[in-house]
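*Asks:* For reference, the sequence and a predicted model appear below.
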Amino acid sequence: DLLTAAPRPAVFTGLPVRNAAGALIGAILIGDYLDDLAGAIKASLPRDDITFYDVNGQVLTTSLGISPGQWSTLALDGTTRGRVNPTSVVELSRLAGGPGMEIVSPWTLRTANLGYLGTVASSAGLLADTNQLRIILVTLFLAGVLFTLAIGIWLARRITRPVHRLVEATRLVSAGDLEHQAPVTTRDEIGELTDSFNQMTRSLKEKSASLRTTMTQLQDTYLMTIEALAAAVEARDPYTHGHTQRVEEYAVIMAKALGSTEAEISALRRASVLHDIGKIGIEDVILRKQARLEPDEALRMQKHPVIGVDMLKGIDFLDPVLPLVRHHHERWDGNGYPDQLREDEIPMGARILAVADALDAMTSDRPYRAARTFEYAKTEILKGSATHFDPEVVTAFIKSQRQIEDLLRAAAGEEMHHHPDVDDVGGWRLHVVGR
């Protein structure tokens, strides 16, 4: 390897030429001009410059944009050259050609030490590269944060979605929907918890059905006991035998004519059976008296609705029945008992019971008189419209008169007079006071 400084710095590589016998007959030198090499390097790295130094630190050529007359300012002093070795480079601050940083390293080809190489990076280029690197790092950091956040959200949803479904299922079940089953979407602890919850719900459903059956049986048994007690009350007075059954039939017919709901009709049926149960607390001397009651005896008899309610209260499934039992002797004009309620203050079921009770009382035998005819009872009920009875219930009674007469005919087995059609109430409207 050979370096020539003049007239134009170049570097050559020599190869021996030998004849067929292997004897050295000459050499071939292949070289490049250093300024061409510097230009090529500059072209490939436009932001960087390169400087070739000889072994004395003098500039052979450089791609820096300075004239050869200024190359001496770039020369390397002995101290700098002494610091450069194959394992260590030297950084120098340069102002020539623009502010920059030069890195000086040894220049060797195979075993030949040709001098030094200086690579100059401009401060502007370094700053631009630094800024670009900073932007890249910030972008990578933000991308990493967003990716981490996305993964976190995905994992959180993957974990919390089954929990939310389980919470919603818990709310539905607590509201009474025992048919609901939470979907099992995972096989982890949450999936096991959901499966356990579904098993619990199925168990609750089975136990709830069993409990409802038991409660229904208990209610039926309780009601049968109370009905038996009511029947015992009727048995104390032979003149009232079958009274509750007939009152129930009349009341249900009128309730249906008024458009009552199934729940209201069910409560009315029970109230019809139980409305006189309080008479168990009335003395036989009053209950079975063969003549009209004295005023003090009548006052005692008027206690039976309150006595009945006191007997029945505390039985939850009979709560809808209690107001009907208590108020079936109230009057539309407020002159009834026990609370002197008037008009709409009286429960509708109690207003229906009042008409049904009065109808059966007038068409049944009593110790002090024989049974009245249906015509008589109908006339009295019409007279009592808007005073004793609710006009709307009286209208329902008139519209239902054929059904009621059929019941009376079946019970009494006697021929009844023909009456107008169900909807033909024209003859009675003069007596019925509307709302």
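*Replies:* Thanks, I have it.
*Asks:* ok, which stretches of this protein are strands?
*Replies:* Counting by DSSP state E, the chain forms strands over residues 2-4, 10-18, 24-33, 48-53, 59-62, 90-94, 100-109, 112-122, given from the N-terminal end onward.
*Asks:* what angle separates the third one from strand 10-18?
*Replies:* On the basis of axes from the mean of the first three to the mean of the last three Cα atoms, to 10 degrees, strand 24-33 is oriented at 160 degrees to strand 10-18.
*Asks:* So which other helices or strands are in contact with strand 24-33?
*Replies:* Identification of packing neighbours for strand 24-33 by 3 or more Cβ pairs under 8 Å, 6 or more residues apart in numbering; DSSP states H and E yields strand 2-4, strand 10-18. (Each C-beta comes from the backbone N, C-alpha and C, glycine too.)
*Asks:* With respect to Asn198, which of those lies nearest?
*Replies:* When the helices and strands packed on strand 24-33 are ranked by proximity to Asn198, the top entry is strand 10-18, at 85.1 Å, counting by Cβ to Cβ.
*Asks:* now for that closest one, which elements pack on it?
*Replies:* Under the contact criterion of 3+ Cβ pairs under 8 Å, 6+ apart, the helices and strands touching strand 10-18 comprise strand 2-4, strand 24-33, helix 34-44.
*Asks:* mind giving me the domain split of this structure?
*Replies:* For the chain, the structural domains run 2-127, 237-412, going by automatic domain parsing.
*Asks:* do you know how far the residue lying closest to Ile286 once chain neighbours are set aside is from Val309?
*Replies:* Closest residue to Ile286 in three dimensions, ignoring its sequence neighbours and counting by Cβ to Cβ, 6 or more residues apart in numbering: Glu297, at 4.9 Å. Applying Cβ to Cβ, to the nearest Å, the value for Glu297 to Val309 is 21 Å.
*Asks:* okay, those two: which has more neighbours?
*Replies:* It is Val309, of Glu297 and Val309, that has more neighbours when counted by other Cβ atoms under 10 Å, with 21 against 16.
*Asks:* so how far is Ile135 from His329?
*Replies:* From His329 over to Ile135 the distance is 95 Å, taken as Cβ to Cβ.
*Asks:* Make CSV from the helices and strands packed on strand 24-33 and add mean pLDDT, mean neighbour count and distance to Ala291 to it.
*Replies:* Compiled in CSV, the helices and strands packed on strand 24-33 are given as follows (pLDDT from 0 to 100; neighbours: other Cβ atoms under 10 Å; distance: least, Cβ to Cβ, whole Å):
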stretch, mean pLDDT, mean neighbour count, distance to Ala291
strand 2-4, 68, 16, 156
strand 10-18, 83, 13, 153
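*Asks:* between those strands, which one is nearest to Leu34?
*Replies:* Relative to Leu34, the nearest member of these by Cβ to Cβ is strand 10-18, separated by 6.3 Å.
*Asks:* re the thing from before, find me the pLDDT at the residue nearest to Ile286, would you?
*Replies:* Note for Glu297: predicted pLDDT of 88.
*Asks:* quick one: it and Leu287 touch, right?
*Replies:* No: between Glu297 and Leu287 there is no contact, the gap being 9.7 Å when judged by Cβ atoms under 8 Å.
*Asks:* helices and strands around the longest helix anywhere in the chain, which ones?
*Replies:* Longest among the helix segments of the chain by residue count, using DSSP state H, is helix 123-174. Counting by 3+ Cβ pairs under 8 Å, 6+ apart, the packing neighbours recorded for helix 123-174 are strand 100-109, helix 189-236.
*Asks:* okay, which residue is most central for the chain?
*Replies:* Glu168 (5.2 Å; Cα atoms, centre = their mean).
*Asks:* Quick check: closest non-adjacent residue to it.
*Replies:* Spatial nearest neighbour of Glu168, excluding adjacent residues (Cβ to Cβ, 6+ apart): Ala182 at 7.9 Å.
*Asks:* ok, now Lys42?
*Replies:* Setting aside the residues directly before and after it, Lys42 is nearest to Ser63 in space (Cβ to Cβ, 6+ apart), at 4.1 Å.
*Asks:* Thr119 versus the one you found, what's the distance?
*Replies:* Using Cβ to Cβ, we find Ser63 at a distance of 10 Å from Thr119.
*Asks:* what do you get for Val89?
*Replies:* For Val89, the distance to Thr119 (Cβ to Cβ) stands at 9 Å.
*Asks:* Check Val17 too.
*Replies:* Taken as Cβ to Cβ, the spacing of Val17 relative to Thr119 amounts to 36 Å.
*Asks:* Please consider this matter closed, and thank you.
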